[in-house]
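*Asks:* need a 3D model of the sequence below.
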Amino acid sequence: MADFKIDETIDITDVVCPITFVKAKVALEELEHGQIISIRMNDGEPVQNVPRSIKEEGHQILKLIDNQDNTYSLIVKKVED
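*Replies:* Predicted coordinates:
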């Protein structure tokens, strides 16, 4: 499907903002530099806010995938601060 290897996957469709970003951030912190995580989130607020917050943290957004079920998978590469 894609030209990158997903090291970790989390699903934050069961929580609402701002907890969505908190969960994503914690998961990212547990990764090694350069590892890639797929974050599954609901459409709407999470899709608007989580990618922006992750970018502000300095991580690299590789792709946002529409899962066609009102959820999205955000593919993020961890960048060392």
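*Asks:* contacting residues around the helix or strand where Lys63 lies?
*Replies:* In this structure, Lys63 sits in strand 60-66 according to DSSP states H and E. Strand 60-66 is contacted by residues 2, 4, 36, 47, 51, 54-55, 72-77, 79 when judged by Cβ atoms under 8 Å, 6 or more residues apart in numbering. C-beta coordinates here come from the backbone N, C-alpha and C atoms, glycine included.
*Asks:* so which of these sit within helices?
*Replies:* Members of the contacts of strand 60-66 lying in helices (criterion: DSSP state H): 47, 51, 54-55.
*Asks:* coming back round to it: please compute how far the strand holding Lys63 lies from its chain's middle.
*Replies:* Strand 60-66 has its C-alpha centroid displaced from the chain centroid by 8 Å (Cα atoms, centre = their mean, to the nearest Å).
*Asks:* check the burial of the nearest residue to Lys25 once chain neighbours are set aside by counting its neighbours.
*Replies:* Spatially, and ignoring its direct neighbours in sequence, Lys25 is nearest to Glu57 (6.8 Å; Cβ to Cβ, 6 or more residues apart in numbering). Around Glu57 sit 16 other residues, with neighbours defined as other Cβ atoms under 10 Å.
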